[in-house]
Each structure stands twice: as C-alpha cells, then as structure tokens.
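S.K.: just the structure for this:
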Amino acid sequence: DKSLVDNEQYQQLSQVMHQHSALTCVYELREKLVHIWSQTHASSKELIEALHNWCKEAESTNIQALKDFSAYLQGYSLKQELRD
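M.R.: Got it, this is the predicted structure:
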C-alpha cells in the first residue's frame, strides 16, 4: 500500500518493479483485487463475476503463485455461488 511507505521508499520500490516485470504484474493484480474487494455497492453476482475475470487474468500471467491464488479464489467463489 502506497500509504505505508515514504516517497524515497516508493521510488526504490518503483525501480525494483521496473527491473522485474513479474513483480510489477503481481503488484498490479493485487491492486485490482483490492479494488474488487472495496466495491461495497456491488452485488454478490457482480463481485463473483469480477473475481472470475481477475482469476482469468491472473492465470494468463503464467506466474505460479498467481495461478495458485486464483485456484483458491475460484474455490471460494464457487462455494459462495452455491450458497446464493
């Protein structure tokens, strides 16, 4: 979270992310997921659809940690769909 670092630390983080595309990808997807979670006005159906879209994007990166987390989220969202 940008609010947790000062300007100098943010600049260092930006340099590291610029040098490592996988880290940048993970960070950007994290930000997208935070945005999804913060959509308090969205319905359950909309949130599940947003999670499915996020999962597709995460899986397309071929980053194993994102694939694993995507599988976890999909399992959770499917359980939620069954309850609704």
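
S.K.: leaving out the residues flanking it, which one is nearest to Leu13?
M.R.: Counting by Cβ to Cβ, 6 or more residues apart in numbering, Val5 is the residue found nearest to Leu13 once chain neighbours are left out, at 6.6 Å. Glycine gets a C-beta too; all of them are placed from N, C-alpha and C.

S.K.: that neighbour against Gln11, yeah?
M.R.: No - at 9.3 Å, Val5 and Gln11 do not qualify as touching, with contact defined as Cβ atoms under 8 Å.

S.K.: would you map the helices across the chain?
M.R.: Along the chain, the segments classed as helices by DSSP state H run 7-19, 21-37, 44-60, 64-83.

S.K.: please identify the most buried of those.
M.R.: Stretch with highest mean neighbour count among those: helix 44-60 (a mean of 16; mean count of other Cβ atoms under 10 Å).

S.K.: any chance of the helices of the chain in a markdown table, with mean pLDDT too?
M.R.: Listed next are those as a markdown table, based on pLDDT from 0 to 100:
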| stretch | mean pLDDT |
| --- | --- |
| helix 7-19 | 90 |
| helix 21-37 | 93 |
| helix 44-60 | 91 |
| helix 64-83 | 77 |
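
S.K.: can I get stretch 15-23 in CSV, CA atoms only?
M.R.: The C-alpha trace of stretch 15-23 is given here as CSV (Å, rounded to 0.1, in the frame of the first residue of the first chain):
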residue,chain,number,x,y,z
GLN,A,15,12.9,1.0,-9.5
VAL,A,16,12.7,-2.7,-8.4
MET,A,17,9.4,-3.2,-10.1
HIS,A,18,10.7,-1.6,-13.3
GLN,A,19,13.5,-4.2,-13.3
HIS,A,20,11.3,-7.2,-12.5
SER,A,21,8.2,-7.5,-14.7
ALA,A,22,6.8,-10.4,-12.7
LEU,A,23,6.8,-8.3,-9.6
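
S.K.: any idea how far it is from the chain center?
M.R.: In this view, stretch 15-23 has its centroid 17 Å away from the chain centroid, taken as Cα atoms, centre = their mean, to the nearest Å.

S.K.: contacts for that stretch, please.
M.R.: The contact list for stretch 15-23 (Cβ atoms under 8 Å, 6 or more residues apart in numbering) reads 24, 27, 61, 63.
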